[in-house]
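**Q** Need coordinates for the following:
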Amino acid sequence: MASTETKSAADSGSVEAGLDALDGVTTTGRTPFARTFVDKILPPILATALLLVVWQIAFKVVDDPTKLVAPGDVWQTLKTAWLEGKLLGYIWTSVSRGLLGFLFALAIGTPLGLLVARVKFVRAAIGPILSGLQSLPSVAWVPPAVLWLGLNNSMMYAVILLGAVPSIANGLVSGVDQVPPLFLRAGRTMGATGVKGTIYITLPAALPGYVAGLKQGWAFSWRSLMAAEIIASFPDLGVGLGQLLENGRNASDMGMVFEAILLILFVGIAIDLLIFSPLERWVLRSRGLLVRG
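**A** As a prediction, this is how the structure comes out:
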């Protein structure tokens, strides 16, 4: 009997040791450049090349510069704007507005999301409203914002807030709802209640849903800003990417239209790659869901 128990304990210990060994496996070597190139660099290059080929074929088929221009013409338009010193100005005007508006939305949406998630009466009262606002097209807010605030930057920020705050708040609510009750009970046992419990237990545990809400909130911020710049164009506001797109339409300049579209797409991809993708990887890695290397 004693030998059986000893053998069982030894088996259990070996299983635990094996699991610990698996958990302790780390990647110490650096990924070879060839593998990085094939896995991460080559696919977008091939996709871009294929897109350019299809674009060039479509240009030959349409054969109407007022409907579609060649990729080379758009490149020449971008080059001219760069040489004239206007290209960075277009980008900065929109990006500075978008990031500042997103920070405002973050400062409002985070406490609002926590309030909705933790207070049942508030959730019953405004939870459905937040969901409805999230589904409302951002362009719908531009006319009333112009009437309320006029043609100025305040109007732009108001449209961004109305588009982004519901997404950030709902993302945080979703993240809080997915926090295991065991975490909250353990936190209360250790004295983490109230604000302390929110900071040290709820928010860290809700990070995946919160980050998803932030990413979606930025997408809504950027789309809202573009809608505002296209509809409420005014010389005193400066020329952002949305205004550039509208100027191209008014001038029937397809080169300028595609220039604006490509720049809007470039900024969206750059913000995702530089901010949100690293943030998502950090969250996944901190939970053991992503192995470094």
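
**Q** For the stretch 101-250 of the chain, which residues score under the pLDDT cut-off?
**A** 191-196 (pLDDT under 70).

**Q** which strands and helices sit next to the regular element (helix or strand) spanning residue 242?
**A** Residue 242 is located in helix 241-250, with elements delineated by DSSP states H and E. Applying 3 or more C-beta pairs under 8 Å, 6 or more residues apart in numbering; DSSP states H and E, one finds that helix 241-250 makes contact with helix 87-118, helix 207-231, helix 254-271. No exception for glycine: its C-beta is placed from N, CA and C like everyone else's.

**Q** Taking helix 241-250 as reference, get the angle to the shortest one.
**A** If I follow you right, that is helix 254-271. In terms of direction (axes from the mean of the first three to the mean of the last three C-alpha atoms, to 10 degrees), helix 254-271 departs from helix 241-250 by 160 degrees.

**Q** Now do helix 254-271: everything it contacts.
**A** Defining contact as C-beta atoms under 8 Å, 6 or more residues apart in numbering, one finds that helix 254-271 is touched by 65-69, 73-74, 76-78, 81, 87, 90-91, 94-95, 98, 218-219, 222, 226, 241-242, 244-245, 247-249.

**Q** Pull out the buried members of the residues you listed.
**A** Buried members of those, scored by 16 or more other C-beta atoms under 10 Å, are 68-69, 73-74, 77-78, 81, 87, 90-91, 94-95, 98, 218-219, 222, 226, 241-242, 244-245, 247-248.

**Q** Near residue 49, how many other residues are there?
**A** Residue 49 has 10 neighbouring residues, counting by other C-beta atoms under 10 Å.

**Q** what's it in contact with, if anything?
**A** By C-beta under 8 Å, 6+ apart, the contact set of residue 49 is empty.

**Q** Mind listing what's buried along the one helix or strand it maps to?
**A** Residue 49 belongs to helix 42-62 when assigned by DSSP H and E. The neighbour-count check on helix 42-62 (16+ other C-beta under 10 Å) flags 55, 59 as buried.

**Q** now could you export just the CA positions of that helix as CSV?
**A** C-alpha atoms of helix 42-62 as CSV (Å, rounded to 0.1, in the frame of the first residue of the first chain):
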residue,chain,number,x,y,z
LEU,A,42,7.1,39.0,-48.6
PRO,A,43,3.3,38.5,-48.3
PRO,A,44,2.4,42.3,-48.2
ILE,A,45,4.9,42.9,-51.0
LEU,A,46,3.3,40.3,-53.2
ALA,A,47,-0.2,41.6,-52.3
THR,A,48,0.8,45.2,-53.2
ALA,A,49,2.4,44.0,-56.5
LEU,A,50,-0.8,42.1,-57.4
LEU,A,51,-3.0,45.1,-56.6
LEU,A,52,-0.8,47.3,-58.8
VAL,A,53,-1.0,44.9,-61.7
VAL,A,54,-4.8,44.6,-61.4
TRP,A,55,-5.0,48.4,-61.1
GLN,A,56,-2.9,48.9,-64.3
ILE,A,57,-5.1,46.3,-66.2
ALA,A,58,-8.3,48.1,-65.0
PHE,A,59,-6.8,51.4,-66.2
LYS,A,60,-6.2,50.0,-69.7
VAL,A,61,-9.7,48.5,-69.8
VAL,A,62,-11.5,51.7,-68.7
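
**Q** can you give me how far it is from the chain middle?
**A** Relative to the centre of its chain, helix 42-62 is centred 26 Å away, using C-alpha atoms, centre = their mean, to the nearest Å.

**Q** Serialize the helices and strands packed on helix 241-250 to a markdown table and add fields for distance to residue 199.
**A** Below are the helices and strands packed on helix 241-250 laid out as a markdown table (distance: least, C-beta to C-beta, whole Å):
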| stretch | distance to residue 199 |
| --- | --- |
| helix 87-118 | 10 |
| helix 207-231 | 12 |
| helix 254-271 | 27 |
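
**Q** For residue 288, find the nearest of those.
**A** For residue 288, the closest of these is helix 207-231, at 12.7 Å, according to C-beta to C-beta.

**Q** List the buried residues of that closest one.
**A** 207-230.

**Q** Please tell me how far the residue lying closest to residue 174 once chain neighbours are set aside sits from residue 175.
**A** Once flanking residues are discounted, residue 174 sits nearest to residue 209: 4.3 Å by C-beta to C-beta, 6 or more residues apart in numbering. The gap separating residue 209 from residue 175 is 2 Å, by C-beta to C-beta, to the nearest Å.
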